[in-house]
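J.: Below are the sequence and a predicted model; questions follow.
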Amino acid sequence: DGIRSLSALVPMPRKSVSAGTGREERATGSKAGRGGGSAYPDAAIAGRTGALDADIAFVGDGFSVEGGGKIAGVGVRKVQAGIESYHDGVLYVKADTSSEAGQLLNLLRQSPLHKEHADTLDNLRASGPAAVAFDMQLALREGGRTTLNGGVDLTDAKLADPRWKVAFEQVRGHADFGRSGFRAEDLAVLHDGAPGKLSLRAGEDYVRDKANAFEAGLDAMSGADELIARGPDDLAWLKEYLDGRSLWTVGISIPKSAPAAPGKPAAAAPTMLSLQSNLVGTALTLPPPLNKAAATPLQTSVETPLPLGSGDVRVALGNTLALRARNTNGKTGVRAVFGANRVDDLPPASGLAVSGRVDVLEAIDWIALAHGDGSDDSLPLQRVDVTAQRLQLLGGVFPNTRLVVVPAARGATAVRAEGAALVIRQFASAAGLE
């Protein structure tokens, strides 16, 4: 594009211009569209380029251009371009512009970046003021390398992506771009009326994980119940046990497509959504050991593929509890493991299965939670098999005790607690233990 643009803009030196003597021949072009009797008549950059108003200087067997104009409707305040030598020289183009972000986005859609990042650029929406600096160098020899880099400064812009139903206002900050992609770190944004920090990365030289084609992250204060309400239905039951607001990092990563097998299209890897927080500011009111005050940190992560419901949801609450949930044919299955930060076994087809080891367990409260009140069987109990170093039961504390809870006949729940100091067999109904 750079060579085509400059070849349309600048003619090769005529033989009457002394090549290699160091003598400078200078011509000033008027705005494209006006007539001129200059030895170097006005020229407009072909194709995606528009009007140019520039001074052209020929020195030896090279030339330089300085001026301004338009490219794909985007006004270019200042452009410097040229070739030091037509023989194995370097074509350079430097430009500065202040324009509207939507026009710049449209220009990127027509650039070589679109080939690798079509999905991102086609779905992104942008408006508001933006300033751009651009620098390209292309070696004019076989095997010559092209370098391209630049920056964009946004001030009170708007960004949106309808794929994820997100929109940001009052966007301020800096983005860098190059031949392989772009990176914008810690853009100040306003999201749902709350301030936050937005980061965007695309391309191998800019993403943090080389397996990804695109990464986005938003740091913002939010209520955990609000995030769960927007998230997968598998976690809806947690909302009533969360109270407060915490700093969350919401991330989206789009992996690179796997290489295509012969005769087959490339396999598309799933887009992943991740949520991370230390939950400082949020109280957790589940029974022990999953109860905590708002000021107490608990490193928490949630991970699920997009669109929601297309794969397993993974949750880790520190090393205290991990769960894996899946929704299939309208039925939700959840497998939870105490004392772990990841669940490798598949969830049950439907219902709740709990296992693992824990320091302290409040037995009655967890039995009631697992059994429910009988009004909703969307997550029926499958099995609880947990060993507690200290089992709190009926006012007593029992060391190294195994608790097993399973469904029984006529809607009842069978409970067995067995340890060195305790052996109990009971049945629980909706009214409590019998």
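T.: Yes, it's here.
J.: all helices for this structure, in order.
T.: 2-9, 101-109, 113-116, 118-123, 224-230, 363-371 (DSSP state H).
J.: how about JSON lines for those helices, with mean neighbour count, distance to Arg163 and mean pLDDT added?
T.: C-beta here means a position set from N, CA and C on the backbone, and glycine is covered the same way. JSON lines is the format used below for the helices of the chain (neighbours: other CB atoms under 10 Å; distance: least, CB to CB, whole Å; pLDDT from 0 to 100):
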{"stretch": "helix 2-9", "mean neighbour count": "17", "distance to Arg163": "32", "mean pLDDT": "44"}
{"stretch": "helix 101-109", "mean neighbour count": "18", "distance to Arg163": "15", "mean pLDDT": "84"}
{"stretch": "helix 113-116", "mean neighbour count": "15", "distance to Arg163": "17", "mean pLDDT": "78"}
{"stretch": "helix 118-123", "mean neighbour count": "15", "distance to Arg163": "5", "mean pLDDT": "85"}
{"stretch": "helix 224-230", "mean neighbour count": "17", "distance to Arg163": "14", "mean pLDDT": "77"}
{"stretch": "helix 363-371", "mean neighbour count": "19", "distance to Arg163": "36", "mean pLDDT": "77"}
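J.: Format those as TSV; extra columns: distance to Leu148.
T.: Putting the helices of the chain into TSV (distance: least, CB to CB, whole Å) gives the following:
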stretch	distance to Leu148
helix 2-9	9
helix 101-109	12
helix 113-116	9
helix 118-123	16
helix 224-230	38
helix 363-371	57
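J.: Compare those helices and give me the one nearest Arg245.
T.: helix 224-230 (8.0 Å; CB to CB).
J.: now the closest one: how far from the chain's centre is it?
T.: Between the centre of helix 224-230 and the centre of its chain there are 18 Å (CA atoms, centre = their mean, to the nearest Å).
J.: How about residues contacting it?
T.: Contacts to helix 224-230, defined as CB atoms under 8 Å, 6 or more residues apart in numbering, come from residues 235-236, 238-239, 242-246, 248, 250, 275, 277, 279, 282.
J.: and with 7 Å instead?
T.: Leu235, Ala236, Leu238, Lys239, Leu242, Ser246, Trp248, Leu275, Thr282 (CB atoms under 7 Å, 6 or more residues apart in numbering).
J.: what about the last one, distance to Gly67?
T.: Remark: distance between Thr282 and Gly67 (CB to CB, to the nearest Å) = 57 Å.
J.: Which one's more surrounded, those two?
T.: Thr282 (25 against 19; other CB atoms under 10 Å).
J.: What's opposite the more buried one in the beta bridge?
T.: Thr282 has these beta-bridge partners by DSSP bridges: Gly244.
J.: quick revisit: and the contacts of helix 224-230, which are buried?
T.: Buried by 16 or more other CB atoms under 10 Å: Leu235, Leu238, Leu242, Ser246, Trp248, Leu275, Thr282, out of these.
J.: What is the nearest of those to Asp345?
T.: Leu235 (18.8 Å).
J.: Mean pLDDT per helix and strand in the chain: which one sits at the bottom?
T.: strand 24-28 (a mean of 41; mean pLDDT, DSSP states H and E).
J.: Could I get the buried residue list for stretch 208-222?
T.: Quick answer for stretch 208-222 (16+ other CB under 10 Å): Asn212, Ala213, Phe214, Glu215, Ala216, Gly217, Leu218, Asp219, Ala220, Ser222.
J.: among these, which two are most distant?
T.: Between all members of the buried residues of stretch 208-222, the farthest pair (by CB to CB) comes out as Ala213 and Ser222, at 26.7 Å.
J.: What separation do you get for the spatially most central residue of the chain and Ala167?
T.: When CA atoms, centre = their mean is applied to the chain, the residue found nearest the centroid is Ala216 (2.2 Å). Distance, Ala216 to Ala167, using CB to CB: 13 Å.
J.: what ranges of the protein fall below the confidence cut-off?
T.: 1-51, 71-73, 231-234, 260-261, 263-268, 370-378, 423-434 (pLDDT under 70).
J.: what's the single longest strand in it?
T.: strand 146-161 (DSSP state E).
J.: in its sheet, what does it sit against?
T.: Strand 146-161 has these strand partners (DSSP bridges): strand 125-127 (antiparallel), strand 129-139 (antiparallel), strand 166-178 (antiparallel).
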